[in-house]
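1. Take a look and give me a structure for this.
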Amino acid sequence: LRLAPGPLALSPVPLVLWPKDRGRPKYRAQGQRAQDMARLRRWQSAAQRRVWIAGLAFLFFSSLLYPILYTPARVDDRFPGARPPVGTLDGMAFMTVGSYTWPDNNRIELRYDYEALQWLLANIKGTPVVAEAALPYYREGGLRVATYTGLPTLLGAHQNEQRYASQVGERDGQARDFFNTPDIARALQLIRELRISYIYVGQLERAVYDPAGLAKFDEMEQRGELEVVYENEMVKICRVRGLRR
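-> Okay, the predicted model is just below:
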């Protein structure tokens with residue numbers, strides 16, 4: 001490493017003499033090269049930032065299109081005719097006019113459940129256990145009684161996140177067995193074990209449970225073990241009679 005003769009000797013930039021050709025020394029300004037590389041990195045960083053910002057902006061504005069374009073389609077699916085009043089604070093108002101299909105093409109009219117739930121809210125005292133279909137919320141719209149009245153039921157949603165799988169599986173099996181079994185003795189046994197006071201049979205129960213199992217409730221009514229306390233076109237509510245707890 002040496003300084004170049006002549007005017008270049010006053011240059012503050014260190015120069016490198018290439019050893020393989022000392023007859024015609026070649027000098028390289030390392031400082032200038034470093035500055036050029038720094039400028040290149042700054043340019044690349046700025047370009048990358050612009051690309052990322054443009055990509056994020058595209059994704060953000062694309063996400064804003066979903067509620068604008070698809071909310072009307074979802075509303076039309078749930079409320080093909082009349083709509084609940086805009087601005088209402090009644091969380092059940094949608095049930096007076098709403099409907100949906102589950103499973104497949106099975107159309108469920110919510111107004112029948114709405115009428116039954118209003119009866120429960122007006123007439124049931126205390127916290128008796130109401131047996132209803134143990135179905136999730138998301139697509140099935142299950143657990144309406146427990147959700148809108150606060151009354152206990154056989155099995156809530158997301159229980160596998162709160163309890164051991166063995167506990168949830170056992171109760172789920174009992175709930176299914178209660179509705180599906182045609183054996184009245186087995187149904188009475190489960191009524192005692194689970195402390196069931198009311199039985200709710202609506203559109204969801206008829207969609208998922210064995211018709212032969214549901215038919216036993218009519219026979220139990222005739223035998224005086226159940227009493228129909230509410231009924232409309234799609235929902236029947238029975239009260240358990242004459243059983244010691």
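
2. ok, which stretches of the protein are helices?
-> Secondary structure of the chain (DSSP state H): helices at 30-78, 110-123, 144-149, 165-180, 184-194, 203-208, 211-222.

3. Point out the most buried one among those helices.
-> Ranked by mean neighbour count, those are led by helix 144-149 with a mean of 20 (mean count of other Cβ atoms under 10 Å). All C-beta atoms are positioned from the backbone trio N, CA, C, and that covers glycine.

4. Looks like F217 contacts E227 (just checking).
-> No. Contact criterion Cβ atoms under 8 Å: F217 and E227 do not qualify, at 11.1 Å.

5. tell me, what's touching the two both at once?
-> With contacts defined as Cβ atoms under 8 Å, 6 or more residues apart in numbering, the residues shared by F217 and E227 are C238.

6. sorry, back to before: mind checking which of the helices of the chain is nearest T88?
-> For these, the distance to T88 is smallest for helix 110-123, at 13.7 Å, taking Cβ to Cβ.

7. Now tell me what touches the closest one from outside.
-> Helix 110-123 has contacts (Cβ under 8 Å, 6+ apart) with 92, 94-100, 130, 141, 144-145, 148-149, 151, 200, 202-203, 229-230, 232-235, 237.

8. okay, the angle between that helix and helix 30-78?
-> Our comparison of helix 110-123 with helix 30-78, counting by axes from the mean of the first three to the mean of the last three Cα atoms, to 10 degrees, yields an angle of 80 degrees.

9. quick one: low-confidence parts of this protein?
-> Along the chain, the parts satisfying pLDDT under 70 run over 1-31, 36, 40, 43-44, 243-245.

10. Compute the distance between the residue nearest the centre of it and Y100, please.
-> With distances taken as Cα atoms, centre = their mean, the chain has Y138 as the residue nearest its mean C-alpha position (5.5 Å). For Y138, the distance to Y100 equals 11 Å [Cβ to Cβ, to the nearest Å].

11. Look at the residue lying closest to I124 once chain neighbours are set aside and say how many residues are nearby.
-> The shortest distance from I124 to any non-neighbouring residue, by Cβ to Cβ, 6 or more residues apart in numbering, is to L151 (6.7 Å). By other Cβ atoms under 10 Å, 20 other residues sit near L151.

12. Phi first, then psi, for L151.
-> phi -80, psi 140 (degrees, to the nearest 10).

13. cool, the one 4 residues further on as well?
-> When read as degrees, to the nearest 10, the backbone of L155 gives phi -150, psi 120.

14. again, but for G142
-> Taking degrees, to the nearest 10 as the convention, G142 sits at phi -80, psi 180.

15. Against A116, how distant is it?
-> 15 Å.

16. got it, and A82?
-> Distance from A82 to A116, by Cβ to Cβ: 20 Å.

17. now swap in A165 and tell me
-> Following Cβ to Cβ, the distance that separates A165 from A116 is 32 Å.

18. cool, N160 as well?
-> 28 Å.

19. re the thing from before, which of the helices of the chain sits closest to G87?
-> The closest of these to G87 is helix 30-78. By Cβ to Cβ, the value is 15.2 Å.

20. just checking, what packs against the closest one?
-> strand 99-101 (3 or more Cβ pairs under 8 Å, 6 or more residues apart in numbering; DSSP states H and E).

21. partners of the strand it packs on, with directions?
-> Strand pairing for strand 99-101, determined by DSSP bridges: strand 107-109 (antiparallel).

22. hmm, who's touching the strand it pairs with?
-> S99, Y100, T101, W102, G141, Q203, L204, A207, M234.

23. Buried residues in it, which are they?
-> By neighbour count on 16 or more other Cβ atoms under 10 Å, the buried set for strand 107-109 is I108.
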